[in-house]
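> The sequence isn't on hand, but the structure is:
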Ligand code: SAM
């Protein structure tokens, strides 16, 4: 029951655990955040390289096991365990995040890390393979999606290794992959709700043209309502509505294409949030 609820699949292969930690290129001055340390297979290796680790663990029994593992050792001083849900926990300052967390919290995890300030230098994260492949997808490929653009708006993401299910106990149902996420610092000066609002429309049918998606029922009404609000607030009226991108389609547009389109809409007073 616990395994299902918290995704408690412990990473048993020491080479993989060491590989994950090595990919972070930790510096002796680094403060590290680890989400879901479990029994500490990654934590012990991070402690060897970093100045300090804050580990957020939901399950008190796992936290107790980890505490036992460092007890009486010099590493004990370097480790703080927060018992609680990562999604709600107050996060400390950290330079690097390393995590093999249950896959139920994949989306909240990555977006929370990208909205944390100051931004971490790098995050090394294990995900279900399908999710990882969507994070690193490029335009004109099958997995290019709203998730890909929203994450790539804020970070450079690449795949660092695939990890088969037999490296875990108990073995999960799905394959896993590790990605490296390097946040863009400073982040692009765009309102996320606007960018995501445009993405939501364009990726609802990603092979349809921009023009086609905007003609869909409901979309025009929503935009007109936003536009009227904007006109009223700014006391402006603009008639031109050619954004010059209407024959393109989301499946082929990269983050820059989307940013240009968003900015063209903003120029004519069309908002998505
Ligand atoms: N990192 C360890 C490893 O690699 O062996 C354990 C991995 S296990 C897949 C996930 C861990 O995250 C479990 O210890 C589980 O209790 C913990 N966990 C689950 N949900 C969590 C949450 N919302 N916040 C913090 N920890 C959570």
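On my side now, so go ahead. These numbers come from a predicted model, not from an experiment.
> Break down this protein into its strands, ranges please.
Using DSSP state E, the strands of the chain run over 10-11, 31-35, 52-57, 79-83, 96-100, 122-128, 155-163, 168-169, 176-183.
> Just send those strands back as JSON lines, with mean pLDDT, distance to the ligand and mean neighbour count too.
C-beta: built from backbone N, CA, C; applies to glycine. As requested, the strands of the chain are exported to JSON lines (pLDDT from 0 to 100; distance: least, C-beta to the nearest ligand atom, whole Å; neighbours: other C-beta atoms under 10 Å):
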{"stretch": "strand 10-11", "mean pLDDT": "96", "distance to the ligand": "4", "mean neighbour count": "18"}
{"stretch": "strand 31-35", "mean pLDDT": "98", "distance to the ligand": "6", "mean neighbour count": "25"}
{"stretch": "strand 52-57", "mean pLDDT": "98", "distance to the ligand": "5", "mean neighbour count": "24"}
{"stretch": "strand 79-83", "mean pLDDT": "98", "distance to the ligand": "9", "mean neighbour count": "18"}
{"stretch": "strand 96-100", "mean pLDDT": "97", "distance to the ligand": "4", "mean neighbour count": "25"}
{"stretch": "strand 122-128", "mean pLDDT": "98", "distance to the ligand": "7", "mean neighbour count": "23"}
{"stretch": "strand 155-163", "mean pLDDT": "98", "distance to the ligand": "10", "mean neighbour count": "16"}
{"stretch": "strand 168-169", "mean pLDDT": "95", "distance to the ligand": "7", "mean neighbour count": "16"}
{"stretch": "strand 176-183", "mean pLDDT": "98", "distance to the ligand": "9", "mean neighbour count": "20"}
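> There's contact between residue 211 and residue 261 in this structure, I believe.
No: in this structure residue 211 lies outside contact range of residue 261 using C-beta atoms under 8 Å: 11.6 Å.
> How about the residues of the stretch 51-200 of the chain by the ligand?
Taking C-beta under 6 Å from any ligand atom as the criterion, the neighbours of the ligand within the stretch 51-200 of the chain are 56, 57, 58, 59, 62, 85, 86, 87, 100, 101, 102, 105.
> Take those residues and keep only those in helices.
Counting by DSSP state H, these place residue 62 in helices.
> Narrow the residues of the stretch 51-200 of the chain next to the ligand to those that are buried.
Listed as buried from those are 56, 57, 58, 62, 86, 100, 101, 102, 105; burial here means 16 or more other C-beta atoms under 10 Å.
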